[in-house]
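> model the following, please.
(one chain, ligands or ions: 1)
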Amino acid sequence: MTTTADPFPALFGGSQPLRLLADLLKQDPACQLEDADLFTSPEEDETDQVRQGREALAKAICERCPARAACLNYALTIRPRDGVWAGYTADEINALTRIFARIDLPKEVA
Ligand code: SF4
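As a prediction, this is how the structure comes out:
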């Protein structure tokens, strides 16, 4: 019997997200050199005003990130529950995911 070897079976939905993450990490993500807390919600409560300011700073870093396209591809795949990804909040990423799910996109562009 021949099987397709997947080194990451069932982990985070299979190997695709891990491949996308590896692709992202190869492109020198700007957030690796920044304060990681800018990109994720803190443990303690955060006012809306403070959150919006933190997210705006994170989004500004994403705008100059060479890995932004790969990050968006990864985030659309994993559908994060929080944080800033590719210049979008998790809520915005998940809204984009729902919009893309309704659009009949061509599988391949010639
Ligand atoms: S786009 Fe933003 S969140 Fe994604 S890797 Fe770059 S800096 Fe990090």
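> now do the buried residues in stretch 22-29.
By neighbour count on 16 or more other Cβ atoms under 10 Å, the buried set for stretch 22-29 is 24, 29. Where you see a C-beta, it was placed from the backbone N, CA and C, and this is true even at glycine.
> low-confidence regions, this structure specifically.
Scanning the chain with the threshold set as pLDDT under 70 gives 1-14, 43, 108-110.
> which residues in it form helices?
Counting by DSSP state H, the chain has helices at residues 15-25, 48-63, 68-78, 90-102.
> now those helices in JSON lines, please, with extra columns for distance to residue 34.
Output for these, formatted as JSON lines (distance: least, Cβ to Cβ, whole Å):
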{"stretch": "helix 15-25", "distance to residue 34": "15"}
{"stretch": "helix 48-63", "distance to residue 34": "5"}
{"stretch": "helix 68-78", "distance to residue 34": "13"}
{"stretch": "helix 90-102", "distance to residue 34": "18"}
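> which one of the ones you listed lies nearest to residue 33?
helix 48-63 (9.1 Å; Cβ to Cβ).
> which strands and helices sit next to that closest one?
strand 84-85 (3 or more Cβ pairs under 8 Å, 6 or more residues apart in numbering; DSSP states H and E).
> so what touches the strand it packs on?
Here strand 84-85 makes contact (Cβ atoms under 8 Å, 6 or more residues apart in numbering) with 38-40, 55, 58-59, 62, 71-72, 74-75, 90, 93.
> around the ligand, which positions in the protein sit nearby?
By the rule Cβ under 6 Å from any ligand atom, the part of the chain lying against the ligand is 29-31, 39, 61-62, 65, 67-68, 71, 84-86.
> find the centremost residue of the chain, please.
Among the residues of the chain, the one closest to the centroid is residue 75, at 2.6 Å (Cα atoms, centre = their mean).
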